[in-house]
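Enquirer: Sequence first, predicted coordinates after that:
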Amino acid sequence: MKQQRGFTLIELIIVIVILGILAVTAAPRFIDVQSDARRSSLDGVAAAIQGASQLVYAKAAIAGVQNEADDTVTLVAGTPGVSVATVYGYPDADAVGAGGIAYLRRFVDINDSEFTISDGTTTDNQFVVVFEGGSATTTTAEQCQLTFADATASAPPTITVQGTGC
């Protein structure tokens, strides 16, 4: 009598089916695409705000008000002109926080149905960008937000993306 070596076809099929089921249930836990996409969206908004802030600063420098602690820069002349409140030549975080997404859209092309803006969570002179339906938080594990803090006389504004909670 010949001794069996290897697996039968049925045993191989059963093992492959079991491995397939395990892969389908376990893969989403290891590949968190939605979280990465949300973090990337915030990084994109941060880059847009950074670039727009530099352009506002350039306009302020042309107008000679880049060293003023409180001023206004006209981005588009005419009717209805577009003006942005500035702090040391950069956009004023308090004005953006109070005016919300509509005010931010004056100098950044941002989708107002996807993001919302709130005032800073702990201090003045900052605003927080979160996804629609979210809220600004100081709890690190829940943070999925972008924080913009005003410029100072010696430093440009600080833009920080917290993505632990995305």
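Expert: Perfect, thanks for sending it.
Enquirer: if I look at the closest residue to residue 105 other than its chain neighbours, how far off is residue 56?
Expert: Distances taken as C-beta to C-beta, 6 or more residues apart in numbering place residue 112 nearest to residue 105, at 6.6 Å, with adjacent residues excluded. Heads up, the C-betas are built off the backbone N, CA and C, glycines and all. For residue 112, the distance to residue 56 equals 19 Å [C-beta to C-beta, to the nearest Å].
Enquirer: In terms of neighbours, single out the busier of those two.
Expert: Neighbour tally, residue 112 and residue 56, criterion other C-beta atoms under 10 Å: the higher count belongs to residue 56, 23 against 13.
Enquirer: can I assume that one is in contact with residue 71?
Expert: No. Contact criterion C-beta atoms under 8 Å: residue 56 and residue 71 do not qualify, at 11.0 Å.
Enquirer: Give the residues shared as contacts by the two.
Expert: Here residue 56 and residue 71 share the contacting residues residue 86, scored by C-beta atoms under 8 Å, 6 or more residues apart in numbering.
Enquirer: Show the pLDDT at the residue sitting nearest the centre point of the chain.
Expert: For the chain, residue 42 is the residue whose C-alpha lies nearest the centre (C-alpha atoms, centre = their mean; 2.1 Å). With respect to pLDDT, residue 42 scores 91.
Enquirer: quick one: what helix or strand has it in it?
Expert: Using DSSP states H and E, residue 42 maps to helix 33-63.
Enquirer: Counting neighbours, what do you get for the closest residue to residue 109 other than its chain neighbours?
Expert: In space, and not counting its chain neighbours, residue 109 is closest to residue 48: 6.8 Å by C-beta to C-beta, 6+ apart. Using other C-beta under 10 Å, residue 48 has 15 neighbouring residues.
Enquirer: Could you report the separation of residue 48 from residue 111?
Expert: Counting by C-beta to C-beta - residue 48 and residue 111 are separated by 11 Å.
Enquirer: ok, back up a step: distance of the residue nearest to residue 109 from residue 145?
Expert: Look at residue 48 and residue 145: by C-beta to C-beta, they are 15 Å apart.
Enquirer: ok, now residue 135?
Expert: Applying C-beta to C-beta to residue 135 and residue 145 gives a distance of 9 Å.
Enquirer: Now do the strands in this protein.
Expert: For the chain, the strands defined by DSSP state E occupy 71-76, 82-87, 90-91, 115-119, 126-131, 145-149, 158-162.
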